[in-house]
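dropping the sequence and predicted coords here.
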Amino acid sequence: MALRRPANARVQPLPEAIEGAREAMKSMPHNAVNVRATMAHHPGLARAFGGFAQTVLNECATPRRQRELVILRMGWNCQAQYEFGQHTMYGMAHGVTADEVAAVTRPLSTYAWADDDRVLLQMADDLYTDDCVSDATWAELTARWSTPEVMEFVMAALCYRVVSGFLNTCGVELDEGVPGWPA
């Protein structure tokens, strides 16, 4: 896969927003100063999209571990290193193992995924490749979860597809302490 990614940040984090981002994040377990200070170029979009992303992360009823797997898979599919690194940390804080983080970067058939996890990862792949969940994947999803739960997983994948595209396009650089790709 030959992808073009900027070698350096195209949109520099706003210097005046860096300290505010650090202050806002001091009680949080992970450093995401660069994305916040980059989004500060457009406060309205930052506020609106930030609210959506926070809802996906913190206000959904589905298991956070599984939403993190979906986000990791979408980050991998989009080749968004910043996204993948941040959600490696979030995922591991919510029960995703190091082996699973590495397996998210491989074909689904190469790891012994639990059926629930496998179908969620397939859903992320379907959305990445066609912007639509296939009938077969949909049938598996709806056999396991309610419509609102399936919607949460779909929105998690699509929210972080948008985030991945933004991060890649702007060239947001990894924050200190954020891992890149797994070894």
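Ah, there it is.

what is the neighbour count of Glu176?
The burial count assigned to Glu176 is 7, neighbours taken as other CB atoms under 10 Å. Where C-beta positions appear, they are placed from N, C-alpha and C, glycine not excepted.

quick one: mean pLDDT over the helix ranked longest in the chain.
The helix spanning the most residues in the chain, taking DSSP state H as the definition, is helix 147-170. Helix 147-170 shows an average pLDDT of 97 in the prediction.

please identify the buried residues of that helix?
Of all the residues in helix 147-170, those buried under the rule 16 or more other CB atoms under 10 Å are 149-150, 152-161, 163-164, 166-168, 170.

ok, now stretch 125-134?
Buried positions in stretch 125-134, judged by neighbour count with 16+ other CB under 10 Å: 125-128, 133.

what's the helix or strand harbouring Gly51 in contact with?
Secondary structure assigned from DSSP states H and E places Gly51 in helix 43-58. Applying CB atoms under 8 Å, 6 or more residues apart in numbering, the contact partners of helix 43-58 are 36, 39-40, 64, 67, 90, 152, 155-156, 159-160, 162-163.

recalculate using a threshold of 7 Å.
The contact list for helix 43-58, computed with CB atoms under 7 Å, 6 or more residues apart in numbering, reads 39-40, 155-156, 159, 163.

the buried residues of stretch 125-134: which two are farthest apart?
Within the buried residues of stretch 125-134, two members stand farthest from each other by CB to CB: Tyr128 and Val133, at 10.8 Å.

which strands and helices sit next to the helix or strand bottoming out on mean pLDDT in the chain?
Within the chain, judged by mean pLDDT, DSSP states H and E, the helix or strand with the poorest mean is helix 15-25; its value is a mean of 84. Applying 3 or more CB pairs under 7 Å, 6 or more residues apart in numbering; DSSP states H and E, we find helix 15-25 packed against helix 33-39.

list the contacts of the helix or strand hosting Thr88.
Remark: Thr88 resides in helix 81-93, with elements defined by DSSP H and E. Residues outside helix 81-93 that contact it (CB under 7 Å, 6+ apart): 29-30, 32, 35, 68-69, 71-72, 75-76, 101, 160, 163-164, 167, 172, 174, 178-181.

rounded mean pLDDT for it, please.
The pLDDT scores in helix 81-93 average 95.

same check on stretch 106-119?
Average pLDDT, stretch 106-119: 98.

buried stuff in that stretch?
Using 16+ other CB under 10 Å as the burial criterion, the residues of stretch 106-119 that qualify are 108, 113, 117-119.
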